[in-house]
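S.K.: Dropping the sequence and predicted coords here.
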Amino acid sequence: MFLKRIELQGDRTLPFHTYPFSIPAIKNIGQLDLTNKVTFFVGENGTGKSTLLEAIADKAGFNTAGGGRNNYYDVPASESALGDYIRLSWMPKATNGFFLRAESFYNFATHIDSVGAQGAYGGRSLHHQSHGESFFSLFLNRFKGNAIYLLDEPEAALSPQRQLSLLRILHDLEVAGDSQFIIATHSPILLGYPNAVILSFDDEKIQEIDYEMTEHYQITSYFLQHRKKFLQEIFRDS
């Protein structure tokens, strides 16, 4: 464990009428304790998961467009709106790690090509691999021990089988004892990682919930067990 606590800075006047404090879960962060090496952020789109993850990356010194401390490139609108208003408590502070931002991964791949660092990712340009292959090249080649990894929707490019393979990578690094993961996801496969803490952003405050209580699990489970009935309900008025 590296990152132990996230809290809004109480010594500042927060602009609660403006973004990102217009998001209820962000406005109500208060103090958020992290107690597990693997933590998931879940919730509907717009509930603040990515906003908080990006702010953590900003305070950790990672490129908020995606990357680590030594990846210097710019992507429009990648600046953190929340980073200046939170305080992180480390024990000890992580200096190694990576922020995966799925929506700007193309720009990260272009940056890697521009600095000639393809060798660090399996010897092939990330642009010369499929989207899923390039994500997995990152996981296999960049993810090492003694680091914190912040992943924003890593399932975006991964097949179900690749998601299971990512779970194995998380497991191997966690068992080694010196890596921490904070992951914003909609994937019921990833959320099934054993003994992880799942933090929901849905009910105007961030709170821990069980895997079976996540909407991701419940909807997926119901659909798989009652597919025909589920689809009939959806298409009833069409």
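M.R.: It's in.
S.K.: tell me the helices in this protein, going along the chain?
M.R.: 24-27, 49-60, 105-114, 131-142, 160-176, 188-191, 215-225, 227-234 (DSSP state H).
S.K.: Now the first one: buried residues?
M.R.: Neighbour counts over helix 24-27 (16 or more other CB atoms under 10 Å) mark 25-27 as buried. Placement of C-beta: from N, CA and C, glycine included.
S.K.: Where is pLDDT lowest across those residues?
M.R.: Within those, Lys27 has the lowest pLDDT, namely 90.
S.K.: Now that residue. Nearest residue, chain neighbours left out?
M.R.: Using CB to CB, 6 or more residues apart in numbering and skipping residues adjacent in sequence, the residue nearest Lys27 is Phe21, 4.7 Å away.
S.K.: With only the CA atoms kept, save stretch 15-31 in PDB.
M.R.: Taking Å, rounded to 0.1, in the frame of the first residue of the first chain, the C-alpha atoms of stretch 15-31 are listed here in PDB:
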ATOM      1  CA  PRO A  15     -16.300  26.600  -5.300                       C
ATOM      2  CA  PHE A  16     -19.200  24.200  -4.700                       C
ATOM      3  CA  HIS A  17     -21.300  25.900  -7.500                       C
ATOM      4  CA  THR A  18     -18.900  24.900 -10.200                       C
ATOM      5  CA  TYR A  19     -17.500  21.800 -11.800                       C
ATOM      6  CA  PRO A  20     -16.300  19.300 -10.500                       C
ATOM      7  CA  PHE A  21     -18.000  20.200  -7.200                       C
ATOM      8  CA  SER A  22     -21.300  20.200  -8.900                       C
ATOM      9  CA  ILE A  23     -20.900  16.400  -8.900                       C
ATOM     10  CA  PRO A  24     -22.400  15.200  -5.600                       C
ATOM     11  CA  ALA A  25     -19.900  12.400  -4.900                       C
ATOM     12  CA  ILE A  26     -17.000  14.800  -5.400                       C
ATOM     13  CA  LYS A  27     -18.500  17.500  -3.300                       C
ATOM     14  CA  ASN A  28     -19.000  15.000  -0.500                       C
ATOM     15  CA  ILE A  29     -15.600  13.300  -0.500                       C
ATOM     16  CA  GLY A  30     -14.600  14.600   2.900                       C
ATOM     17  CA  GLN A  31     -12.000  12.000   3.800                       C
END
